[in-house]
Structure formats: C-alpha cells, structure tokens
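> With the input below, show me the fold.
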Amino acid sequence: MPRSATQAAKSRRFSTIRTVAWALLGIRGHRPHEHDAEPLSPLQILITALVFMLVFVLVLVSVAIYISRQ
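Predicted coordinates:
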C-alpha cells in the first residue's frame, strides 16, 4: 500500500529533526548519517537547526533569569 503525501512529509520531517538532534548532541555515527542524509535538503536542515538553537537559547535565558531572581 503506497504511503500518502502527508505521511511521507511527516516521515521526512521527523527524519530531519532526528538528524539535527543527533548532530547537535555530537554522538552520531558515520553510517546512520550516510543513510539519512540523502533525502534531506540543506534548507530543511538549516531551518530545523535554527529552531533547535532558538529553543536552546530561550531555555538558557529562562534558567538564568529564574536563578538570578532567587
């Protein structure tokens, strides 16, 4: 049974998120990278990485503000 377009888009989006998350943690092997890197576009990876970094910075700022108020 063929996958619908929405299922394929969700799968590709999840693959992009997973790839960027492992890359940011720095614990990704070479073989999984070769397997996942083919269908991903650089624009998808860039946007996902920017969102991850924005969330990371916001969490750090929130923690710093919380700690400084106590």
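
> Can you give me the neighbour number for K10?
Here the count is done by other C-beta atoms under 10 Å, and K10 has 12 residues near it. Any C-beta I mention is one placed from the backbone N, CA and C, and that applies to glycine too.

> what helix or strand is it on?
helix 5-25 (DSSP states H and E).

> so how far is that helix off the chain centroid?
Relative to the centre of its chain, helix 5-25 is centred 7 Å away, using C-alpha atoms, centre = their mean, to the nearest Å.

> next one: stretch 53-70
Taking C-alpha atoms, centre = their mean, one finds the center of stretch 53-70 at 20 Å from the center of the full chain.

> what's that stretch in contact with?
L24 (C-beta atoms under 8 Å, 6 or more residues apart in numbering).

> Buried residues in that stretch, which are they?
If you call a residue buried by 16 or more other C-beta atoms under 10 Å, then stretch 53-70 has no buried ones at all.

> Quick one: mean pLDDT over it.
For stretch 53-70, mean pLDDT rounds to 95.

> Run a quick neighbour tally on T16.
T16: 19 surrounding residues under other C-beta under 10 Å.

> next one: S11
Neighbours of S11 using other C-beta under 10 Å come to 12.

> Over to the one 3 residues further on?
With neighbours defined by other C-beta under 10 Å, the count for F14 comes to 10.

> Starting from V20, give me the distance back to it.
In this view, F14 and V20 are 11 Å apart by C-beta to C-beta, to the nearest Å.

> What of S11?
Computed as C-beta to C-beta, the S11 to V20 distance reads 15 Å.

> Then F56?
According to C-beta to C-beta, F56 stands 12 Å off from V20.

> how about low-confidence regions in this protein?
Residues of the chain that meet the criterion pLDDT under 70 lie in 1-3, 8, 28-38.

> Thank you kindly, that will do.
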